[in-house]
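In: what follows is a protein structure lacking sequence information:
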């Protein structure tokens, strides 16, 4: 890992520490002012700004006894990906998923994309993160024309 990759991985670990301790101060140290946290449909969001993200997770700790673990972490260039487990200890619920993190030049988190380990929603024609600007970010929005169906 390069020094930058190690720094970004450390930032994500500090983010999880801030979530687990419900520390707005710790969260504010690693989140950019304009951070956006995207979620799958029905999970809420997107949450825009560090106050919104900090309010979300400090509220979960207070109301649901939330605790998170990082089960896997990969850092590459200017991005980090993790697999995590979210334990809601007061209600006995466990959620597993993955997140993709992007950073600004100062190494603060500017974007978090959460993906949950759950079946797709057959009632939706398009299963994607709610509110995420796929086309603007260069993601495919149409199937490739050079491939024929199998």
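Out: Nice, I can see it. Bear in mind that the values here come from a model prediction, so they are computed numbers and not experimental data.
In: contact partners of the helix ranked longest in the chain?
Out: For the chain, the longest helix by residue count, based on DSSP state H, is helix 3-20. Here helix 3-20 makes contact (Cβ atoms under 8 Å, 6 or more residues apart in numbering) with 1, 23-27, 29-31, 54, 57, 61, 66-70, 73, 75-80, 82, 84, 101, 103, 107-109. The C-beta positions use only the backbone N, C-alpha and C, and glycine is treated the same way.
In: buried set for it?
Out: Across helix 3-20, burial judged by 16 or more other Cβ atoms under 10 Å covers 5, 8, 9, 11, 12, 14, 15, 16, 18, 19.
In: of those, which pair is most distant in space?
Out: 5 and 19 (21.5 Å; Cβ to Cβ).
In: low pLDDT regions in this structure?
Out: 146-150 (pLDDT under 70).
In: switch the cut-off to 80
Out: Scanning the chain for pLDDT under 80 picks out the ranges 118-120, 122, 125-127, 143-150.
In: end to end, how far does stretch 35-47 reach?
Out: Start-to-end span of stretch 35-47 (Cα to Cα, to the nearest Å) is 8 Å.
In: what's near enough to touch residue 45?
Out: Residue 45 neighbours (Cβ under 8 Å, 6+ apart): 37, 38, 39, 130, 131.
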